[in-house]
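S.K.: take a look and give me a structure for this.
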Amino acid sequence: MSLITSSIGQGLFWGILALGLYLTFRILNFPDMTVEGTFPFGAAICVSALVHGVNPLAATILSFFAGMVTGLVTGLLYTKGKIPVLLAGILTMTGVYSVNLRILGKANVGLLNKNTLLNGQLLQKLPINFPTIVVGLIIAIIVIVLLAVFLDTDLGQAFIATGDNEKMAQSLGINTDNMKILGLMLSNGLIGLAGGLLAQNGGYADVNMGIGTMVIGLAAIIIGEVVYGNLSLTARLVAVVIGSIIYRLILLLVLQLGFSTNDFKLISAIILAICMMLPLFEQKFRTRKLLKKGVEKP
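M.R.: A predicted model of the protein is given here:
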C-alpha cells in the first residue's frame, strides 16, 4: 500500500512537469529541450534555499521563478536570436548545468534534517507517503485552475492562437514572438516547480537529475490523451496529471515484476513509444472493422 501511495504522490509532482510540457508541446506545438536543464535548476535553487534556512514555501516558489528564467533565455535565443528552438533549448540546458554546479557547490546536496513542504507538523500526523499526496494534490489543483483561468483570458486565447496558426495570429495583430516567450517562461516555470517539489520529496538535488525528464513528461501527456480521448482544454489538463499518476503506477508494476530500477529509462522510452503508436493501431483497427462490415453487407 505504501508503494502505491508513494507512486500516486510522485505522479502528482511529475504531473506538474507534464503540465509545463503540455504548454509547449501541445499548445505552442514545438519541442523545448530546455526541460532537462530547467528541472535540476529548479531543484538546485530550492534545495540551496532550504539549506540556507529559507522558508519551504518561499523556496518552492523560487524554483518556479528559476524555471521562468531558463524559459526566458530559451525564448530570447529562439525569437530574437533566430536560433532554432531545438538548438536554443540545448544551449540553455548545457549552460544551466554549470550554473547548477555553482549553486550547489558540488554534484549533489542533501536535505537531511532540513524543513521542507512535506515534513510540516500537520503533515507528519498523516500516514506514510500521504503528505506527498496532500501537497501534490493541492498544488496540482492550484496550477490547473490558474492555467484554465489564464487560457480563458484574451491573452490566453492569443497564446493558443499562436500555436494553432501563427500566420493567422499575426494577421490579427498578435505578437507571436511574445506569446512564444510567455509560453516558454510558463512552461519552464512549472518544470522548475516540479524540480523543487521532487527534490524535497527525494531529499536531495543532483545536477544530473534532469536526464530523461522529457520522456517522463511526454509519457504522462500521451497516456492521458490515449486514456481519455477528446476532451475540453481544462479537462485535458486534468487528464495530463492523471496520466502522470497512471505512468508511475505502471512503473511500480514493472518494478514488482522483477525489473531493476536501472531499467527505468529504457522502460519509460518503451512505454512512451507504445502510447504514441496506440492511435495508429486504433485507426487501423477501425479501418479493418469498417472494411469487414462493408464486405459482409449484402
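
S.K.: quick one: the strands in the chain?
M.R.: Here the chain has its strands, by DSSP state E, at 108-110, 204-206.

S.K.: so, low pLDDT: which residues of the stretch 101-250 of the chain?
M.R.: Under the criterion pLDDT under 70, no range of the stretch 101-250 of the chain is flagged.

S.K.: and the gap between the nearest residue to G224 once chain neighbours are set aside and F30?
M.R.: Residue nearest to G224 in three dimensions, not counting chain neighbours: G243, with 2.8 Å by C-beta to C-beta, 6 or more residues apart in numbering. Every residue, glycine included, has its C-beta placed from N, CA and C. Distance, G243 to F30, by C-beta to C-beta, to the nearest Å: 21 Å.

S.K.: on that earlier part again, any idea which of the strands of the chain is most buried?
M.R.: strand 204-206 (a mean of 22; mean count of other C-beta atoms under 10 Å).

S.K.: so what are the sheet partners of that one and their directions?
M.R.: strand 108-110 (antiparallel) (DSSP bridges).

S.K.: list of residues touching the strand it pairs with?
M.R.: A44, V47, S48, V51, G203, Y204, A205, D206, V207 (C-beta atoms under 8 Å, 6 or more residues apart in numbering).

S.K.: re the thing from before, can I get the strands of the chain in a markdown table including distance to L272?
M.R.: As requested, these are exported to a markdown table (distance: least, C-beta to C-beta, whole Å):
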| stretch | distance to L272 |
| --- | --- |
| strand 108-110 | 27 |
| strand 204-206 | 23 |
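
S.K.: what's the closest of the ones you listed to A194?
M.R.: strand 204-206 (12.7 Å; C-beta to C-beta).

S.K.: touching that closest one from outside, list them.
M.R.: Applying C-beta under 8 Å, 6+ apart, the set of residues contacting strand 204-206 is 40, 43-44, 46-48, 104, 107-111, 195, 199.
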